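>>> What follows is a predicted structure for the sequence shown.
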Amino acid sequence: MDWQPDQQGLQQVLQLLKDSQSPNTATQRIVQDKLKQLNQFPDFNNYLIFVLTRLKTEDEPTRSLSGLILKNNVKAHYQSFPPPVADFIKQECLNNLGDASSLIRATIGILITTIASKGELQMWPELLPQLCSLLNSEDYNTCEGAFGALQKICEDSSELLDSDALNRPLNIMIPKFLQFFKHCSPKIRSHAIACVNQFIMDRAQALMDNIDTFIEHLFALAVDDDPEVRKNVCRALVMLLEVRIDRLIPHMHSIIQYMLQRTQDHDENVALEACEFWLTLAEQPICKEVLASHLVQLIPILVNGMKYSEIDIILLKGDVEEDEAVPDSEQDIKPRFHKSRTVTLPHEAERPDGSEDAEDDDDDDALSDWNLRKCSAAALDVLANVFREELLPHLLPLLKGLLFHPEWVVKESGILVLGAIAEGCMQGMVPYLPELIPHLIQCLSDKKALVRSIACWTLSRYAHWVVSQPPDMHLKPLMTELLKRILDGNKRVQEAACSAFATLEEEACTELVPYLSYILDTLVFAFGKYQHKNLLILYDAIGTLADSVGHHLNQPEYIQKLMPPLIQKWNELKDEDKDLFPLLECLSSVATALQSGFLPYCEPVYQRCVTLVQKTLAQAMMYTQHPEQYEAPDKDFMIVALDLLSGLAEGLGGHVEQLVARSNIMTLLFQCMQDSMPEVRQSSFALLGDLTKACFIHVKPCIAEFMPILGTNLNPEFISVCNNATWAIGEICMQMGAEMQPYVQMVLNNLVEIINRPNTPKTLLENTGRLTSPSAIPAITIGRLGYVCPQEVAPMLQQFIRPWCTSLRNIRDNEEKDSAFRGICMMIGVNPGGVVQDFIFFCDAVASWVSPKDDLRDMFYKILHGFKDQVGEENWQQFSEQFPPLLKERLAAFYGV
């Protein structure tokens, strides 16, 4: 006998569903409590499915809501549904997929896939066969409902469907789906393509076996009247480009022609999917070869797509010029993630690799949804990186018309174009910049806020060039105008100007010192003016300024301006407020820059950081012991606090000693170093290294406990944790001296293994790259271990000397490099045989020094001449023949060999 509801119970459930649609929060609370009560009764879920599938007299939103509440119950506790209830729900779902209402069909589909993803695909063997047979129904609603459910299952369980666990149902499903590509209903065609599309990226075998049929069918649908079908065709081709380009190459010319049309589709969703094609193609090695002849068509299409649409302008309130007094709504503020402290070494490459620039791409955060404008700009950016100057003949004629256009929307898109090509076409743009940069600076005072904000972004993309010119030419006017924009009346412009200024700070570094007073006045004034979201960006601009000018900030006049507003914010924020993250990061940079100038502020800042670490550890402990009673803490609080403590230790040096003495930080650090979260360990080891340098007296008693933990963290899978642990070991060596001896074996083998990992350059001639190889920090620490315990480390010399030399040749002269090279010289003294086979690498590393200290130069001199005397003049001549010419010259000039 079929389950039947009790009429009174049914009325109660219906009333609840009606109440839950009320906008009143008090009513909502009552509904939530009532739901909790009703969930105690197992057959409550029967009532919910009954309303969804049987009560056709009720209105659709109520029935659908009943299904969605049931879906949440399934998600939360399907495992505890009694079998008769679960069976009733499943049966009702399958029987009613053909409901006359598309909303109800979709709700049932969601319910089915939720049950399926609860591990029920295995436990519900009749589901897939039944859905597939419903596809053959003559009734449109049944076919569409079944397809909708299948599409959701394909989205949620694509891996499982392609596994042996279910006996590979895809072998039947994919050929079945392909048959429906020719169905007379566009909705069904669209479902069919969407289902197959789920299996492209994972290269499901059943699809690979039918790949040619699939592509043939796609081509047949290329000019379908239905936009949803065209969108799915474009999406399929974009994914195939990534995983089966071999199958597309024979048709590439016509596919490109097709995508050029689709990128201009009157339906923006289709145009957006098609535009992704150019982004994906740019990553393929064949891009240049297949696309070069089409650039003349493609570039104007992309440029055209970079204009704001009318809807964008409405959403961005493009006609609101002044909104600085309007408070931010909380959903405007994107969550920030703190990047833990990483120890890096200065190398010869002054210029960071520009890849991060592309990430913070242009503008419209409020529209953080991906749209045609953003996709077109991103495509132009990556294509500029592929084609470089070859892009400009197609672009420059267009740019002129755009940049000086009377309509602001067109002019704005031209400024975006200029910014998008900055990285790839920089060389070719240089001749035009003396004329363009002043024009862009002028655009900073345009009457339209959206023009002012994009001008900020584009100028930041050319900051490197601006800084390379005499400061009065462009830097000074740019800085003056950007600072005015930081105080703009429009929040979007404030944000763009602050971000652009931070980029300028990174490029200009100490060039900004003469203007510090003016810069600080502006940034501090902005403190009183900014709403919530932009305050967070302002912290970043101040932190970056401190990083860029360093100790030049340590002047009483500057400290007087900067510190009071920062400390005021610091006092306003509660310990659980996430706004502490950017403020702590900012203070960390400021403390490092101000050095002793931060002393008057350090005590409360230090204490609070220790408290944050202690609180977080305590919460984590409670959560581990009673997960059902307590919430897991947000460990970012602890990470940011550890990083600020590092900043204090680095900035205050020996002055931090009394603070450490009066706190339990070493005990806390011992716990943090063993935390399960890699970022916590990463920041802990950075702090350990900084405390070792600043006040070793407090670290030394803990060494016996700390060293084994450091040893177990030398795991290159967590590269940043490993680097920071390695660096801390090196700093500890320098303080411990010969007392390091008992600990050498704990760490040496791991360090040697890390330095020999395959990502280090193999030969001298290949190694002209400018980037520090990741093994520089392990190399320094091995050198330092050898410096304090040469007898223990020297026997392994032959196992690491070659990668050791190649990874340190690109590091600029500094203290760390100095101690490491002294160590290697002492080890060569103990075990000269260990270096013989790789002596050319040692010669090259020695030649990388610009000005070693005199006693270190003597050590080099003795080793080079000792080797030369050992092998004799004739052999040395033969040996030095293999030197690159530059190396020969340097060794002859500096060491007379």
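Right, received. Where do you want to start? Numbering: from 1, shown residues only.
>>> Which positions in the lengthiest helix in the chain come out as buried?
Counting by DSSP state H, the longest helix found in the chain is helix 599-625. Across helix 599-625, burial judged by 16 or more other C-beta atoms under 10 Å covers 601-602, 605-606, 608-610, 612-617, 619-620. Yep, even glycine has a C-beta here, placed from its N, CA and C like the rest.
>>> With stretch 816-833 instead?
Using 16+ other C-beta under 10 Å as the test for burial, stretch 816-833 gives 816-828, 831-832.
>>> and what of stretch 834-850?
834-835, 838-849.
>>> same deal with stretch 318-329?
Neighbour-count burial for stretch 318-329 flags 318, 323 (criterion: 16+ other C-beta under 10 Å).
>>> follow-up on the earlier one: and which of the buried residues of stretch 816-833 is nearest Gly783?
Ala820 (2.7 Å; C-beta to C-beta).
>>> what sits against that closest one?
Going by C-beta atoms under 8 Å, 6 or more residues apart in numbering, Ala820 touches 779-784, 787, 808.
>>> Same check on Asp328?
For Asp328, the contact set (C-beta under 8 Å, 6+ apart) comprises 491, 531-533.
>>> Make a markdown table out of these and add pLDDT, neighbour count and distance to Ile559.
Output for these, formatted as a markdown table (pLDDT from 0 to 100; neighbours: other C-beta atoms under 10 Å; distance: C-beta to C-beta, whole Å):
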| residue | pLDDT | neighbour count | distance to Ile559 |
| --- | --- | --- | --- |
| Lys491 | 94 | 24 | 29 |
| Gln531 | 88 | 16 | 27 |
| His532 | 89 | 13 | 26 |
| Lys533 | 90 | 19 | 27 |
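>>> can I get these in CSV with secondary structure and distance to Lys700?
Below are the contacts of Asp328 laid out as CSV (DSSP: H, G, I helix; E, B strand; the rest coil; distance: C-beta to C-beta, whole Å):
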residue, secondary structure, distance to Lys700
Lys491, helix, 52
Gln531, coil, 49
His532, helix, 45
Lys533, helix, 46
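>>> Looking at the residues you listed, which two lie furthest apart in space?
Maximum distance among the contacts of Asp328 (C-beta to C-beta): 10.1 Å, for Lys491 and His532.
>>> quick one, helices of the stretch 751-897 of the chain?
Under the criterion DSSP state H, counting those that start in this stretch, the stretch 751-897 of the chain contains helices at 776-788, 790-793, 797-808, 815-830, 839-847, 854-871, 873-880, 885-895.
>>> hmm, back to that, which pair of the buried residues of helix 599-625 spans the longest distance?
Across the buried residues of helix 599-625, no pair lies farther apart than Tyr601 and Ala620, at 28.9 Å, counting by C-beta to C-beta.
>>> what about Ala165, is that helix, strand or coil?
Following DSSP: H, G, I helix; E, B strand; the rest coil, the label given to Ala165 is helix.
>>> give me every residue that touches it.
Counting by C-beta under 8 Å, 6+ apart, Ala165 makes contact with Gln122.
>>> what residue ranges in this structure score low on pLDDT?
Applying pLDDT under 70 to the chain flags residues 1, 120, 331-339, 343-368, 759-775.
>>> circling back: of the buried residues of stretch 816-833, which is the nearest to Gln297?
The closest of the buried residues of stretch 816-833, once distances to Gln297 are taken by C-beta to C-beta, is Lys817, at 53.3 Å.
>>> Not counting its neighbours along the chain, what's nearest the closest one?
Among residues not flanking Lys817 along the chain, Ile811 sits closest, at 5.1 Å (C-beta to C-beta, 6 or more residues apart in numbering).
>>> how far does stretch 156-173 sit from the chain's center?
Its chain's average C-alpha position is 32 Å from that of stretch 156-173, according to C-alpha atoms, centre = their mean, to the nearest Å.
>>> So that it lines up with my notes, have the first residue be 33 from now on.
Fine by me, first position is 33 from now on; the one you just mentioned is stretch 188-205.
>>> in that stretch, what's buried?
Buried residues in stretch 188-205, defined by neighbour count with 16+ other C-beta under 10 Å: 188-190, 192-194, 201-202, 205.
>>> can you give me the helices in the stretch 533-682 of the chain?
Listed in chain order, the helices of the stretch 533-682 of the chain (DSSP H, counting those that start in this stretch) span 548-561, 564-581, 588-604, 612-626, 631-657, 668-684.
>>> can you give me how far the last one is from the chain middle?
When you say that, I think you mean helix 668-684. Remark: helix 668-684 is offset 22 Å from the chain centroid, using C-alpha atoms, centre = their mean.
>>> That helix - contacts with which helices or strands?
Helix 668-684 sits against helix 612-626, helix 631-657, helix 697-704, helix 710-726, with contacts defined as 3 or more C-beta pairs under 8 Å, 6 or more residues apart in numbering; DSSP states H and E.
>>> One more pass at 10 Å, please.
Packing contacts for helix 668-684, counted by 3 or more C-beta pairs under 10 Å, 6 or more residues apart in numbering; DSSP states H and E, involve helix 564-581, helix 612-626, helix 631-657, helix 689-693, helix 697-704, helix 710-726.
>>> Could you dump the ones you listed into a markdown table and include distance to Glu356?
Formatted as a markdown table, the helices and strands packed on helix 668-684 follow (distance: least, C-beta to C-beta, whole Å):
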| stretch | distance to Glu356 |
| --- | --- |
| helix 564-581 | 9 |
| helix 612-626 | 20 |
| helix 631-657 | 29 |
| helix 689-693 | 39 |
| helix 697-704 | 41 |
| helix 710-726 | 35 |
